[in-house]
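In: take a look and give me a structure for this.
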Amino acid sequence: MKFNRLGRSDLTVSEICLGSMTWGSQNTAAEAHAQLDYALGEGVNFIDTAEMYPTTPRSAETTGLTEELIGAWLKGRPDRDKLVVATKITGEGNSDVRGGRRVGGDLVRDALEDSLRRLQTDRVDLYQLHWPNRGSYHFRKNWTFDPTRQAPGDMDQEVADILGEVARLQGEGKLGVFGLSNESAWGTMKFLEVSRRHGLPRIASVQNEYNLVCRHFDLDMAEVAVHEDVGLMAFSPLAAGGLSGKYLAGDIPPGSRRSMQPTLNGRYVPQSERVIGLYAEIAQRHGLDLAQMSLAFCLSRPFMASVIVGATSLDQLKTDIAAKDLALSEAVFSDIQTIYRDHPAPM
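Out: This is a model prediction of the structure:
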């Protein structure tokens, strides 16, 4: 397992991060704990969750359950200091959590304290803003994105309030570093600018979607990530399971994510299925597993801090983590680039 420094912080994280959003819905506590044990045995030291998880499906009744399952596993572990535990604060748009209140400095402490209680730990190593308060173009909103409809308000003051509370929580030892999620280049630079101007904590990472059929990050965000040392934590590197190839034959296995979300939140549509089929042909031609090829591609990117893998079975997790040992040839990269040039945004 390779390890990367998270931004300019002192945290060193495994290049593969264990995601958890199915724990408590598609996965039982025992299955979640088995995944955690296996991942640690393979060198993973990085665990990502969120206060709103699980999300497959998401419901008010299960909100916070994933953190509780992780907390039961974390409690009393002698190796806690070797682990990097990340979670996220939910903001506007999710009425199940604090009525969907906008995140401000006053909310950060209360939300973090609740997460610490559920996680049964005294600190969160990476705390992330799950969504920008102003909204974003992620999750297929890029097709209708219009910044003139946003109402960012006094974002400089709002960011200063959030980072000010982060600084106080860091001083109390309850929070390690801070990061963003579902952000844009402008939003990321706002946080960096305000932290520089006021001497406040610097963001260490941004968690955005990235995979072979969703590569928005390759342009402006990649430039920010490389030059400002804000590494990407890639979520949905397999496009919610689409890039495993398991749906190409037309099957939707019972209990799979597509059995609950037919389009995988807009990721699995006729256009993307055709392109996934083309990537599957590349994998077959080079004797590769499609899921491992897809993950190895993500791991190769120069802006990548860690790739978040999630699985509903231990066998899936074993396949995913094994991608760390796969080095793609120049011929594979060339074939991937050919498909990308012809189909840059298939979903």
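
In: can you give me the strands in the chain?
Out: With DSSP state E as the criterion, the chain has strands at 3-5, 12-14, 16-18, 46-48, 84-89, 124-129, 175-181, 203-209, 231-235, 304-309.

In: quick one: mean pLDDT for the third one?
Out: If I follow you right, that is strand 16-18. Mean pLDDT, computed over strand 16-18, is 98.

In: repeat for the fourth one
Out: When pLDDT is averaged along strand 46-48, the result is 98.

In: may I have stretch 39-57 as PDB, with CA atoms only?
Out: Listed next in PDB are the C-alpha coordinates belonging to stretch 39-57 (Å, rounded to 0.1, in the frame of the first residue of the first chain):
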ATOM      1  CA  ALA A  39      -9.000  -3.400   4.800                       C
ATOM      2  CA  LEU A  40      -6.700  -2.800   7.800                       C
ATOM      3  CA  GLY A  41      -5.000  -6.100   7.100                       C
ATOM      4  CA  GLU A  42      -4.300  -4.900   3.600                       C
ATOM      5  CA  GLY A  43      -2.600  -1.700   4.800                       C
ATOM      6  CA  VAL A  44      -5.600   0.700   4.600                       C
ATOM      7  CA  ASN A  45      -5.500   3.300   7.400                       C
ATOM      8  CA  PHE A  46      -8.100   5.600   6.000                       C
ATOM      9  CA  ILE A  47     -11.900   5.300   6.700                       C
ATOM     10  CA  ASP A  48     -14.500   7.700   5.300                       C
ATOM     11  CA  THR A  49     -18.000   8.200   6.500                       C
ATOM     12  CA  ALA A  50     -20.600  11.000   7.000                       C
ATOM     13  CA  GLU A  51     -23.200  11.900   9.500                       C
ATOM     14  CA  MET A  52     -26.000  11.400   6.900                       C
ATOM     15  CA  TYR A  53     -25.000   7.800   6.000                       C
ATOM     16  CA  PRO A  54     -26.200   5.200   5.000                       C
ATOM     17  CA  THR A  55     -27.500   6.400   1.700                       C
ATOM     18  CA  THR A  56     -28.500   3.200  -0.100                       C
ATOM     19  CA  PRO A  57     -31.300   4.100   0.400                       C
END
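
In: how far out from the middle of the chain is it?
Out: Centroid displacement of stretch 39-57 relative to its chain, using Cα atoms, centre = their mean, to the nearest Å, is 9 Å.

In: buried stuff in it?
Out: 39-40, 44-56 (16 or more other Cβ atoms under 10 Å). Backbone N, C-alpha and C define where each C-beta goes, glycine included.

In: out of those residues, who's nearest residue 29?
Out: Nearest to residue 29, judged by Cβ to Cβ, of the buried residues of stretch 39-57 is residue 54 at 11.7 Å.

In: name the residues that touch stretch 137-153?
Out: 133, 134, 135, 182, 184, 208, 209, 216, 265, 266, 345, 347 (Cβ atoms under 8 Å, 6 or more residues apart in numbering).

In: and stretch 285-303, end to end?
Out: Chord length of stretch 285-303, first to last residue, is 28 Å (Cα to Cα, to the nearest Å).

In: next one: stretch 93-112
Out: Stretch 93-112: ends 19 Å apart by Cα to Cα.

In: over to stretch 340-347?
Out: Using Cα to Cα, one end of stretch 340-347 lies 13 Å from the other.

In: distance from the chain centre to that stretch, please.
Out: 22 Å.

In: what residues of that stretch count as buried?
Out: Those would be 340, 343, 346, 347, for stretch 340-347 by 16+ other Cβ under 10 Å.

In: can you pick out the most distant pair from these?
Out: Among those, 340 and 347 lie farthest apart (Cβ to Cβ), at 13.2 Å.

In: mind checking how far residue 167 is from residue 161?
Out: 11 Å (Cβ to Cβ, to the nearest Å).

In: do residue 265 as well
Out: 31 Å.

In: ok, now residue 153?
Out: 11 Å.

In: about what we covered before: residue 62: which of the buried residues of stretch 340-347 is nearest?
Out: Nearest member of the buried residues of stretch 340-347 to residue 62, counting by Cβ to Cβ, is residue 347, at 27.0 Å.

In: the closest one touches residue 213, doesn't it?
Out: Yes - with contacts counted by Cβ atoms under 8 Å, residue 347 reaches residue 213, the gap being 5.5 Å.

In: shared neighbours of the two, anything?
Out: With Cβ under 8 Å, 6+ apart as the test, residue 347 and residue 213 both reach 239, 267, 272.

In: burial measure for the first one, as a count.
Out: Looking back up the chat, that one is residue 239. Residue crowding around residue 239 was assessed by other Cβ atoms under 10 Å; the count is 23.

In: measure it to residue 215 for me?
Out: Counting by Cβ to Cβ - residue 239 and residue 215 are separated by 11 Å.

In: without its sequence neighbours, what residue ends up closest to the residue nearest to the spatial centre of the chain?
Out: The structure's the chain has its C-alpha centroid closest to residue 235; by Cα atoms, centre = their mean the separation is 3.5 Å. Excluding its sequence neighbours, the residue lying closest to residue 235 (Cβ to Cβ, 6 or more residues apart in numbering) is residue 308, at 4.9 Å.

In: noted, bye for now.
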